[in-house]
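[1] Show me the folded form of this:
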Amino acid sequence: MGVLVYPVFERDVKLPPARTTGEFLGRYFETIDEIAERAGLTPLSAYGDTREVPDGFRGTPEELDELLGPSDAWFDARAGASNLTALAALIGSRPDVAARLRNPGDVIDELKDLAQQLSIAATAGSRFRLDLAY
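    So this is what the prediction gives:
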């Protein structure tokens, strides 16, 4: 397994178990960002931690928090869910866009799963950001 993309919430949110791992979002992260940007949608990378990571740092998000203090980058979960849903629909409806991904169905499933989690978080009044696990 490679890089995983997963949400972190500003406050505790009771979520059903995720159906996906974020593996395909991690695998195609840069391509998904390019697809989003070309379509006028927000790229996944825009929802990440905005702190400057020191050169050579190879630790966990928790170790980065110890080094720099906790991140204060939080994003509107309802807007994020809407954006990810639109991105999934774009990939699903445009064969030319889907062809840029080796596993477009898996990417769509992960985008929809993440959008569902963000919708639940929005209802609970929480904001989010995306983190990466290596």
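
[2] give the contact list for the residue lying closest to Ile120 once chain neighbours are set aside.
    The shortest distance from Ile120 to any non-neighbouring residue, by C-beta to C-beta, 6 or more residues apart in numbering, is to Leu15 (5.7 Å). Placement of C-beta: from N, CA and C, glycine included. Neighbouring residues of Leu15 by C-beta atoms under 8 Å, 6 or more residues apart in numbering: Gln117, Ile120, Ala121.

[3] now do Phe24
    Asn103, Asp106, Val107, Asp109, Glu110.

[4] In space, what's closest to the third one - neighbours in sequence excluded?
    Put plainly, it is Val107. Per C-beta to C-beta, 6+ apart, closest to Val107 is Phe24, 4.9 Å.

[5] Identify all contacting residues around the helix ranked longest in the chain.
    Longest helix of the chain, by residue count under DSSP state H: helix 104-123. Helix 104-123 has contacts (C-beta under 8 Å, 6+ apart) with 5, 7, 9, 13-16, 18-25, 28, 32, 76-78, 80-82, 84-85, 87-88, 91-92, 98, 101, 127-128.

[6] Closest to Val53 out of the contacts of Phe24?
    Glu110 (24.1 Å; C-beta to C-beta).

[7] Could you tell me how far that closest one is located from Leu15?
    Going from Glu110 to Leu15 by C-beta to C-beta, to the nearest Å gives 15 Å.

[8] repeat for Asn103
    From Asn103 to Leu15 the distance is 24 Å (C-beta to C-beta).

[9] low-confidence ranges in the chain?
    Applying pLDDT under 70 to the chain picks out residues 1.

[10] if we can go back for a sec, filter the contacts of Phe24 to the buried ones?
    Asp106, Val107, Glu110 (16 or more other C-beta atoms under 10 Å).

[11] any idea how far the second one is from Arg38?
    Put plainly, it is Val107. On the measure of C-beta to C-beta, Val107 and Arg38 end up 15 Å apart.

[12] again with the first one
    As defined by C-beta to C-beta, Asp106 lies at a distance of 21 Å from Arg38.

[13] Strands of the chain, residue ranges please.
    4-9, 128-133 (DSSP state E).

[14] Throw these into TSV and include distance to Asp49, thanks.
    Putting the strands of the chain into TSV (distance: least, C-beta to C-beta, whole Å) gives the following:
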stretch	distance to Asp49
strand 4-9	9
strand 128-133	6
